[in-house]
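Visitor: Structure of the sequence below:
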Amino acid sequence: MDHRTPPLRFSDAPRGVCRFCGDEILKRLGSGEIKSDRRRRWHNRCLEVYKVAHWGDVRRWAVRQRDGGLCAVCGAADKPWEVDHEYPLHLVDRSDPFAMRFWMMANLVTLCCDCHKEKSAKEAAARAKIVRLRRKFGHPRGHSSEPQLQRADIPF
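Guide: Numbering: from 1, shown residues only. Take a look at the predicted model:
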């Protein structure tokens, strides 16, 4: 699976259980009684987070609303801009139960195209250096596996 595709832990959840968080979906009846809602498969908030993570147009709109199109590096507002993941996705351990946080708004920033190109070039150079060192020293995982972030490296 592509490292840019966010994990979906509960994709096979039955109706009445959120496909995103795995919790039961409840509804309040007119009598005030609360019971399971078997017609739904998502909590409203979970669906919003899922859309930001999976749908590029929703992600761009949400980041634009939050940042106003200002570049997080140079502050430019009049240049074309892109959405960037502050912590690179290729470093994320997708088996971590909390990996989804890297696809959420807290890890997304607005960068003008120039700053994004510069940041991406630095990340690509660092990634290539890791691959070269692994090949040189015969790392047991070979060159296909990426280094994983440790919890202490993640501020959110």
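Visitor: Kindly list the longest helix within this structure.
Guide: helix 113-137 (DSSP state H).
Visitor: Return the residue of the protein that is most distant from the centre.
Guide: In terms of distance from the mean C-alpha position of the chain, Ser31 ranks first, at 39.8 Å (CA atoms, centre = their mean).
Visitor: Please enumerate the strands of this protein.
Guide: In the chain, strands defined by DSSP state E lie at 26-28, 34-36, 81-85, 108-112, listed in chain order.
Visitor: out of those strands, nearest to Ala72?
Guide: Ranking these by proximity to Ala72 (CB to CB) places strand 108-112 first, at 4.3 Å. Every C-beta, even on glycine, is put in place using the N, C-alpha and C of the backbone.
Visitor: that older thread, go through the strands of the chain and pick out the most buried.
Guide: Counting by mean count of other CB atoms under 10 Å, strand 108-112 has the highest mean neighbour count of the strands of the chain, with a mean of 22.
Visitor: Kindly report the domain assignment for this structure.
Guide: What automatic domain parsing lists as the domains of the chain is 7-54, 56-150.
Visitor: Check the separation of the first and last residues in stretch 16-26.
Guide: Distance across stretch 16-26, first residue to last, is 8 Å (CA to CA, to the nearest Å).
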